[in-house]
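Undergrad: here you go, sequence then predicted model.
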Amino acid sequence: MSDKGGYIKQGWLVLVLAGCFGAALAAVHVGLGQRIESNKLGDTLGQVPKLVPGAVEGRSELLGGRTVYRAVDSSGRTVGWVLPVGGGGFADRIELLIGLDASAATITGLYVLEQKETPGLGNRIEEPAWRAQFTGRSAQRRLAVTKADKPGADEIQAVTGATISSRSVTDIVNDAVGRFRAELGASRQ
Amino acid sequence: MSEHMGHPDGPTPLERFLNGILPENPVYRQILGICPTLAVSNSMESAMTMAGAVAFVLVSSNLVVSLIRGLLKPHLRILVFTLTIATFVTVADRFLAAYMHEMSRKLGPYVPLIIVNCIIIARCEVCAAKQSVITAVADAIGQSLGFALAMATIATVRELLGFGTWFGLSVMPKAWPAWVVMILPPGAFITLGLLMGAVNWIGAARAGKSAGGGGEAKKA
């Protein structure tokens, strides 16, 4: 039955279905798109008070072409910043939120928004105990990863068995914080 | 509508439904859908979400394909199946992202990957493209239950041994040293292999009993 009729006669069902399904998916997107976006944004904004001490909410701003969140307290005063950043990990992209104080001199918190690192090893970068190592570190010097038991002032202890994941997170933090400090400095001049 | 594509009778809706659960279990007997079976079976919560998403896609696709089976051109049928499946998978994926945000993040790429889950395209080809809507839906529900059963058994073993929990609730004694390997990919292969062996062994033993040693070619 291969050459009976033209392409349209052969393939009309595919075309009609593609049209119907496309319309259905567009409807789903219209119905759910906003909710999905607000879920993602809610994830980020919900973390702001946990990442910056004293902050009650985050306000999105553009700095150097990138979105950052200005963390403000209940009277609207800037108490810090939250940077949504990402980079390559061991398995896939890692998305982080970095909390900084108002002058971007100290890291006040770190949160892992998205990661697909090895379960049981690399995904331990999500654990609060590991992330807490970043809190209170100076944002003016680069952090290094160590396997030693007692890390120094600018050292982060690697997750056992996941040195690459640990180093990826630390590198993302170093680069993002350095870039943000430069942009913040430039915007204030 | 008459059955015009072979098998005028074919299995009845009840036979289709029952076959999917155990005799033709998609995972243990047909060895289909192994990718999600291995990838998201390290906790009951994600395994059951996956089973739910697969059930939605399977029932919807079988329904649509059965409705349009009289219009299918043999050489374009796989294209139509894939188009239908991809649409319902996208709906499921967006729904999870909107209403089960945490779970959607956890399942990552495995929800979109339902598109290439062979269980679904196999049911479209074997049943929905040839049989009535009622049979196709009964078949989809049976196969979905079979898949859910397989996911539940594997995830139960892995979550209990790997995390000491079931559906996130602590059930193992506090002293239980969580076996990390059970959460990792090797744990998935080990569990699937042992359970599949057990299912085949039980099947062979029962066949041997009822038919006096006949049925299975392999000796139990």
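TA: Okay, I see it.

Undergrad: excluding its backbone neighbours, what's nearest B:F147?
TA: Distance criterion C-beta to C-beta, 6 or more residues apart in numbering or on different chains; nearest residue to B:F147, sequence neighbours excluded, is B:P26 at 5.0 Å. The way it works is simple: take the backbone N, C-alpha and C, and place the C-beta from them, glycine included.

Undergrad: hmm, I was thinking of B:A51
TA: B:A51 sits nearest to B:A148 (C-beta to C-beta, 6+ apart), 3.8 Å away.

Undergrad: hang on, the one you found packs against B:A53?
TA: No: B:A148 is not in contact with B:A53 according to C-beta atoms under 8 Å; the separation is 10.8 Å.

Undergrad: who's more crowded, those two?
TA: Neighbours were counted for B:A148 and for B:A53 using other C-beta atoms under 10 Å in any protein chain shown; B:A53 has more, 25 against 20.

Undergrad: can you give me the pLDDT of the more buried one?
TA: What the model reports as pLDDT for B:A53 is 95.

Undergrad: does it sit in a helix, a strand or a coil?
TA: Following DSSP: H, G, I helix; E, B strand; the rest coil, the label given to B:A53 is helix.

Undergrad: about what we covered before: what residues are up against the residue nearest to B:F147?
TA: Applying C-beta atoms under 8 Å, 6 or more residues apart in numbering or on different chains, one finds that B:P26 lies in contact with B:G20, B:L32, B:G33, B:I119, B:A122, B:Q143, B:G146, B:F147, B:A150.

Undergrad: go on, B:L79?
TA: If you count contacts by C-beta under 8 Å, 6+ apart, then B:L79 has A:V14 around it.

Undergrad: again, but for A:N123
TA: A:Q115, A:E117, A:S165.

Undergrad: let me know the closest of these to chain B.
TA: A:Q115 (9.7 Å; C-beta to the nearest C-beta).

Undergrad: show me where chain A has helices.
TA: A:7-51, A:128-131, A:163-188 (DSSP state H).

Undergrad: lowest-confidence helix or strand of the chain?
TA: In the absence of a named chain, this looks at chain A. The least trusted helix or strand in chain A, going by mean pLDDT, DSSP states H and E, turns out to be strand A:57-63, with a mean of 86.

Undergrad: think we crossed wires, I meant chain B
TA: That would be, for chain B by mean pLDDT, DSSP H and E, strand B:169-170 at a mean of 82.

Undergrad: what lies in contact with the helix or strand just after that strand?
TA: Next helix or strand after strand B:169-170 toward the C-terminus (DSSP states H and E): helix B:180-183. Helix B:180-183 is contacted from outside by A:P119, A:G120, A:L121, B:N42, B:V157, B:R158, B:L161, B:G162, B:F163, B:G187, B:I190, B:T191, using C-beta under 8 Å, 6+ apart.

Undergrad: ok so, going back, what kind of secondary structure is the residue nearest to B:F147 in?
TA: Under three-state DSSP, B:P26 comes out as coil.

Undergrad: please consider this matter closed, and thank you.
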